[in-house]
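*Asks:* let me see the structure of the following:
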Amino acid sequence: MNIIITIVLGLLGFLVLVASHELGHFTFAKLFGIRVPTFSIGMGPRLFGFKKNGTDYVFSLFPIGGYVHVYGMEKGEMNGEPDEFLSKSLLKQYLVIFGGPLFSFLFGFLLFYGSILSTGVSVIQNAPISVSVTNVDSVPFLNNDSIISVNGKKVVYWDDVYKYAKENENNTFQVFRNGNVVNITLPKTKFSMLGNISPVIPAVVGQVEKNSAAFKSGLKRGDKVLAVDSTDIRDWNNFVSIIKTKAGQKVGLKILRGNDTLHLFVVPKEQKGLDHDTIVTYGAIGVMVKTPKIGVNPIYAISLAYDQSISSIKLIGYQLKLLIEKKVSPKMLGGPVSIVKLTGDYANWGMAALIGFIAFISINLALINILPFPPLDGGQMVLFTFYRIFGEKMSEKIMMVIEYTGFALIILLMLYVTYNDIIRLFHK
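*Replies:* Numbers count the residues shown, from 1 in each chain. Model (predicted):
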């Protein structure tokens, strides 16, 4: 993607995230009758804007964040007036502060929901299975078995296997094997063994990332991969596993395009990612498997969007846990520059991927901001709780030291992640 378009898309995506977060603070403040002198997208000097109902809506020079000036939160603004922040109940103060993370989460959820409604969900057609273990006592399935039904319910898509199987019960599978229908009972004690089977998915390309290694090699949607170098390809997982071992190497692909057999060359790009709790390096060429999409009704889409949102929170929490346990390096942290770059990268995969990424980052923003660390929203809630408990007994000097120390640490963290961003841009 053109670098200018990447930057523009990235900045727009980042500023939309900022706006949705600050809108949460703004909405609750206005709802409770608290004065809001300024709503700024961006930081620093004012570029342009307009005033309405006592609020100056501003676009500022530096697109690295934003803020809502809630009157009465600063020490010099505490005059006991009814439209001040501290004149409101503690519950209302909490809601004003928590409104930012809440709106960030809701924005991410709504993006997931809208994407599911507009594009549907990818599904894997029911297919013969591949078994990752050879001990039939562990998994009573064989390679090339086809699962017909689970507990009497017909399997159409692969997800139906997990939908109909019950974790705390014995499960009955009807399987087509070597021309015969076989009944298999999987005891509840071996339910986890379902993780050892997977569908055999044809190695057919469903999507090619723009400007990726695959795109430059001439690989196209609908191409079927027959071989990598001299190794015949059985299925998609087999293809991916081989490509992962070929980072930086020139690889020959034998493909079937229509009725024609073609030979292409591609150099998988080196990538880094998590494998359980370890950072690993692997090769990737920028392709996705061909899977059909099905539409879902609006009610069921709510459940799917909620599941995606909760999965995002679990992933973010898991990554923070690895960081705290020093299992991954702080150098993996990214900041606004990374968000801008990754927004452009995801745009190469199409609108659905871009929306999904922005939704994930929005939920990330919600989770990070509720951490009890000044000047994050969670830290502000802690400080104002102390203020309500101690009042004049809490030294204003101590409060100031806490706030400024937290702010300084956040600035240092932002400088550190921005440094990481720049290093990654110029040392790939």
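*Asks:* in terms of secondary structure, what does the helix or strand harbouring residue 320 contact?
*Replies:* Element membership for residue 320, per DSSP states H and E: helix 298-324. Applying 3 or more Cβ pairs under 8 Å, 6 or more residues apart in numbering; DSSP states H and E, we find helix 298-324 packed against helix 90-119, helix 351-369. For the C-beta atoms, the positions are set from N, CA and C on the backbone; glycine is no exception.
*Asks:* who are the packing partners of whichever helix or strand comes after the longest one?
*Replies:* Secondary structure here is assigned by DSSP H and E; on that basis, the next helix or strand after helix 90-119 toward the C-terminus is strand 121-122. In terms of contacts (3+ Cβ pairs under 8 Å, 6+ apart), strand 121-122 is packed against strand 293-294.
*Asks:* the strand it packs on pairs with which strands?
*Replies:* The strands beside strand 293-294 in its sheet (DSSP bridges) come out as strand 121-122 (antiparallel).
*Asks:* next secondary structure element downstream of the partner strand?
*Replies:* Next element after strand 121-122 (DSSP H and E): strand 129-131.
*Asks:* which ones are touching the residue nearest to residue 306 when sequence neighbours are not counted?
*Replies:* Of all residues not flanking residue 306 in the chain, residue 109 sits nearest, at 6.9 Å (Cβ to Cβ, 6 or more residues apart in numbering). By Cβ atoms under 8 Å, 6 or more residues apart in numbering, the residues touching residue 109 are 305-306, 309, 359, 363.
*Asks:* could you dump those to JSON lines with pLDDT?
*Replies:* Below are these laid out as JSON lines (pLDDT from 0 to 100):
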{"residue": "305", "pLDDT": "93"}
{"residue": "306", "pLDDT": "92"}
{"residue": "309", "pLDDT": "92"}
{"residue": "359", "pLDDT": "90"}
{"residue": "363", "pLDDT": "89"}
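*Asks:* and the helix holding residue 320, how far out from the chain middle?
*Replies:* Centre-to-centre, helix 298-324 and its host chain are 8 Å apart (Cα atoms, centre = their mean, to the nearest Å).
*Asks:* tell me what angle it forms with helix 351-369.
*Replies:* 50 degrees (axes from the mean of the first three to the mean of the last three Cα atoms, to 10 degrees).
*Asks:* name the residues of helix 298-324 that are buried.
*Replies:* 301-302, 304-305, 308-309, 312-313, 316, 319, 322 (16 or more other Cβ atoms under 10 Å).
*Asks:* tell me, what's the model's pLDDT at the residue nearest to residue 306?
*Replies:* What the model reports as pLDDT for residue 109 is 96.
*Asks:* measure it to residue 303 for me?
*Replies:* Distance, residue 109 to residue 303, using Cβ to Cβ, to the nearest Å: 11 Å.
*Asks:* which of the helices and strands packed on helix 298-324 has the lowest average pLDDT?
*Replies:* With a mean of 86, helix 351-369 has the lowest mean pLDDT of these.
*Asks:* other residues contacting it?
*Replies:* So helix 351-369 is contacted by 9, 13, 16-17, 20-21, 100-102, 104-105, 107-109, 111-112, 114-115, 119, 308-309, 312-313, 316-317, 339, 342-343, 346-347, 376-378 (Cβ under 8 Å, 6+ apart).
*Asks:* buried residues in it?
*Replies:* Neighbour count says helix 351-369 has 352-369 buried, by 16+ other Cβ under 10 Å.
*Asks:* ditto for stretch 68-76
*Replies:* Applying 16+ other Cβ under 10 Å to stretch 68-76 flags 68-73 as buried.
*Asks:* give me the element residue 23 is part of.
*Replies:* Using DSSP H and E, residue 23 falls in helix 3-31.
*Asks:* what is that helix packed up against?
*Replies:* strand 38-52, strand 55-69, helix 90-119, helix 336-347, helix 351-369.
*Asks:* now the angle from the next helix or strand after the last one to helix 351-369?
*Replies:* So the one you mean is helix 351-369. Downstream of helix 351-369, the next assigned helix or strand under DSSP H and E is helix 377-390. Counting by the same axes, to 10 degrees, helix 377-390 points 30 degrees away from the direction of helix 351-369.
*Asks:* packing partners for helix 377-390?
*Replies:* If you count contacts as 3+ Cβ pairs under 8 Å, 6+ apart, helix 377-390 packs onto helix 90-119, helix 396-426.
*Asks:* where does pLDDT dip in the protein?
*Replies:* 1-3, 6, 75-78, 133-138, 274-278, 319, 322-323, 325-344, 390-428 (pLDDT under 70).
*Asks:* what does the domain assignment say about it?
*Replies:* Here the domain parsing of the chain from automatic domain parsing is 1-81, 129-199, 205-291.
*Asks:* flag every buried residue along stretch 281-290.
*Replies:* Buried, per 16+ other Cβ under 10 Å, within stretch 281-290: 282-290.
*Asks:* for stretch 252-262, same thing?
*Replies:* By neighbour count with 16+ other Cβ under 10 Å, stretch 252-262 contains the buried residues 253-255.
*Asks:* endpoints of that stretch, how far apart?
*Replies:* 10 Å (Cα to Cα, to the nearest Å).
*Asks:* tell me the contacts of residue 161?
*Replies:* Contacts of residue 161 (Cβ under 8 Å, 6+ apart): 147, 150, 155, 194.
*Asks:* element containing it?
*Replies:* Using DSSP H and E, residue 161 falls in helix 159-164.
*Asks:* so how far is that helix off the chain centroid?
*Replies:* Centroid separation for helix 159-164 versus its chain: 24 Å, with Cα atoms, centre = their mean.
*Asks:* next SSE after that helix?
*Replies:* strand 171-177.
*Asks:* and that next one, what does it pack against?
*Replies:* When contacts are defined as 3+ Cβ pairs under 8 Å, 6+ apart, strand 171-177 packs onto strand 146-150, strand 180-186.
*Asks:* what's the angle between the shortest one and strand 171-177?
*Replies:* Read it as strand 146-150. Counting by the same axes, to 10 degrees, strand 146-150 points 150 degrees away from the direction of strand 171-177.
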